[in-house]
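Engineer: Coordinates for the following, if possible.
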Amino acid sequence: MTDHAARLLSLQNRIRVNGISGLKRAMALKSWLNLYFFWEKKWFFIAMLVGAGMLQLPLPDKGLTQEGLIVLTMSVVSVILFVTEPVPLPTVALMIIIAEVVLMGHSSTEVAKSLMTDSVLFIMGSLMLAVAVIKQKLDKRLAWLIVRMTGTKTWRVCMGIAIVSGVLSSFIGEHTVAAMMLPVGITLITLTSDDPKKVRNLAAVVLFSICYGASVAGIGTPSGGARNAIMIGYWKEFFYDPSDPKTFKYAVDYLQWMIVAYPMFLLQLPIVTTILFWTFRPEYRDMSRPIVKLRALVEKEGPMKPADWLAILIFFLVLMGWIFISGDLGMGTVAISGAAMFLILGLVRWRDINSGVNWGVVLLYGAAISLGLQMKDTGAAEWVAISFLDMLAPFGADHGFGLWAAVSVLTTGVTNTMSNGAAVAVLGPIVLKAATVAGESPIILGFVTAISSAFAYLTVVGTPAATIVYASGYLKTTDFLKVGWKMAVASTIIMLVAAKLYWPLLDL
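Structural biologist: Down below sits the predicted model:
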């Protein structure tokens, strides 16, 4: 039952108890609650009004068809709903599906086929694998492994946390790793002091090491985030033709992505720790005391069980499958094969998968990708891309390095207001068409977009990892702004330098 329905039920009970004497007050309160409901949903109604207004606009002189205007309207409405969230985000996915059928005249079967691409299958399989990994409860052992490698110095422990968070999130997604590593970080913080005020800066450094370590690593592989899989899907849908060898480079596989992006992640790791210690100065320079307590907790749990080792083996096999055979089978097939192995061997139960996977996320990305394809097919993406380039032309940023920087800044701004996957789903078709019109490489601009979407350092809602560590209660929203702008500047510079000096060596 929703809060609104519960309040109305309470009003009905009050009327029954108080009789006619309480009726006027109850009805007045009911009217207030109805007004509150509309105020709470105001952005939904604003989005609907914006959409209705856009559909009444006359078409431009050239370049945009009526279908293109409809798709562009759907995209604008979706962005408003993504940012303001007046309704659950999977509801936006349902609205996109309905609009493609009702407004665009597509058959429901045709729309349904567009929802389940290999990219969506990959996202679904990755979420299922994440649930299976978390189920093994290896957080304290992981914390102990980190401190055994790093020693007790605080900066080395935080560097170790960032490295482990990064390496793991580059393969199983940053939201999963943040959920796994948060207990590790809180364990170290609480074992240091039970008083949050005494470990304010230490907590910030430890928790941001998890959050930003995961974020900078999410760019490293296709499984590091849904945004990467979405961009790979766009490249294939827009440019790949199995009968034309010249287009084979657009079928980017797991290993190719790693070669392009993983060195950037490794380069950013020491920068993460440096910026965090520069911004927050921890109260404790050595963590010997909490580490002694941690060792006692791990010894109490005993040695690792065979099931733990088997889970690690399965995940390693999935990783090898992504690297070596995903080009033939598809990354999605490999991911769901790994999930099936966990289920077959009894390491996780289906009810755990069913309750642990956010199926709304799968639906959301499926609908977002479908909308992106409609942006391409109707010519709406090309029209927006040309308009975007015309706007940049007076500044000399409509081609080359200037265009790369403009796309990066645009993507960074958008991804700090909505999920990074949604940002790529919305911007991807526009950026790829802009690359074609400007004579730039769609591969380079696609990587710039996907990687820049990971620079969601400034807000709590920009990335699931940020939301998860903020939920610990140790951080303030202003902490993200305080350190986030430094991270955004550093990451952007590293990416643009890589695009200028490193990527040309790979013949992208």
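Engineer: Please name the nearest non-neighbouring residue to the most centrally placed residue in the chain.
Structural biologist: By CA atoms, centre = their mean, the chain has its centre lying nearest to Asn420, at 4.3 Å. Distances taken as CB to CB, 6 or more residues apart in numbering put Ser453 closest to Asn420, at 4.1 Å, once the chain neighbours are dropped. In short, each C-beta sits where N, CA and C put it, glycine included.
Engineer: Can you name the next helix or strand after the helix or strand Ile161 falls within?
Structural biologist: Ile161 is part of helix 154-172, with elements assigned from DSSP states H and E. Reading on from helix 154-172 to the C-terminus, the next helix or strand found by DSSP H and E is helix 174-192.
Engineer: list the helices and strands that next one packs on?
Structural biologist: Identification of packing neighbours for helix 174-192 by 3 or more CB pairs under 8 Å, 6 or more residues apart in numbering; DSSP states H and E yields helix 118-134, helix 139-150, helix 154-172, helix 200-217, helix 288-301, helix 464-470.
Engineer: Restricting to C-alpha, output the helix holding Ile161 in PDB.
Structural biologist: The C-alpha coordinates for helix 154-172 follow below in PDB (Å, rounded to 0.1, in the frame of the first residue of the first chain):
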ATOM      1  CA  THR A 154      46.300   4.400   6.300                       C
ATOM      2  CA  TRP A 155      47.300   5.700   2.900                       C
ATOM      3  CA  ARG A 156      48.400   2.200   1.800                       C
ATOM      4  CA  VAL A 157      45.200   0.600   3.100                       C
ATOM      5  CA  CYS A 158      43.100   3.100   1.200                       C
ATOM      6  CA  MET A 159      45.200   2.600  -1.900                       C
ATOM      7  CA  GLY A 160      44.600  -1.200  -1.500                       C
ATOM      8  CA  ILE A 161      40.900  -0.600  -1.100                       C
ATOM      9  CA  ALA A 162      40.800   1.500  -4.300                       C
ATOM     10  CA  ILE A 163      42.800  -1.100  -6.200                       C
ATOM     11  CA  VAL A 164      40.600  -4.100  -5.100                       C
ATOM     12  CA  SER A 165      37.400  -2.100  -5.600                       C
ATOM     13  CA  GLY A 166      38.700  -1.100  -9.100                       C
ATOM     14  CA  VAL A 167      39.800  -4.500 -10.200                       C
ATOM     15  CA  LEU A 168      36.600  -6.200  -9.100                       C
ATOM     16  CA  SER A 169      34.300  -3.500 -10.500                       C
ATOM     17  CA  SER A 170      36.000  -3.600 -13.800                       C
ATOM     18  CA  PHE A 171      34.600  -7.100 -14.200                       C
ATOM     19  CA  ILE A 172      31.400  -7.300 -12.200                       C
END
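Engineer: just the angle between that helix and helix 174-192, please?
Structural biologist: Per axes from the mean of the first three to the mean of the last three CA atoms, to 10 degrees, the angle that helix 154-172 makes with helix 174-192 is 160 degrees.
Engineer: which helices and strands does helix 154-172 pack with?
Structural biologist: Helices and strands touching helix 154-172, as assessed by 3+ CB pairs under 8 Å, 6+ apart, comprise helix 118-134, helix 139-150, helix 174-192, helix 200-217, helix 254-279, helix 306-324.
Engineer: ok, 7 Å please
Structural biologist: For helix 154-172, the elements it packs on are helix 118-134, helix 139-150, helix 174-192, helix 200-217, helix 254-279, judged by 3 or more CB pairs under 7 Å, 6 or more residues apart in numbering; DSSP states H and E.
Engineer: returning to that earlier point: out of the helices and strands packed on helix 174-192, flag the one nearest Phe395.
Structural biologist: Closest to Phe395 of the helices and strands packed on helix 174-192, according to CB to CB: helix 200-217, at 29.0 Å.
Engineer: roughly how far out does that closest one sit from the chain middle?
Structural biologist: Relative to the mean C-alpha coordinate of its chain, helix 200-217 is positioned 17 Å out (CA atoms, centre = their mean, to the nearest Å).
Engineer: what's the following helix or strand after that helix?
Structural biologist: The helix or strand immediately downstream of helix 200-217 is helix 226-239, counting by DSSP H and E.
Engineer: Do me a favour and average the pLDDT over that next one.
Structural biologist: Averaged across helix 226-239, the pLDDT comes to 87.
Engineer: now swap in stretch 398-413 and tell me
Structural biologist: Taken as a whole, stretch 398-413 has an average pLDDT of 86.
Engineer: From the rest of the structure, what touches it?
Structural biologist: Contact with stretch 398-413 is made by 389, 392, 396-397, 423, 427, 431, 438-440, 445, 448-449, 452-453, 455, 488, 492, 495-496, 499-500, as judged by CB atoms under 7 Å, 6 or more residues apart in numbering.
Engineer: Would you mark the buried spots in it?
Structural biologist: Taking 16 or more other CB atoms under 10 Å as the basis for neighbour counts, the residues of stretch 398-413 that come out buried are Asp398, His399, Leu403, Trp404, Ala405, Ala406, Val407, Ser408, Leu410, Thr411, Thr412.
Engineer: out of the helices and strands packed on helix 154-172, which comes closest to Ala335?
Structural biologist: The closest approach between Ala335 and any of the helices and strands packed on helix 154-172, judged by CB to CB, belongs to helix 118-134 at 2.5 Å.
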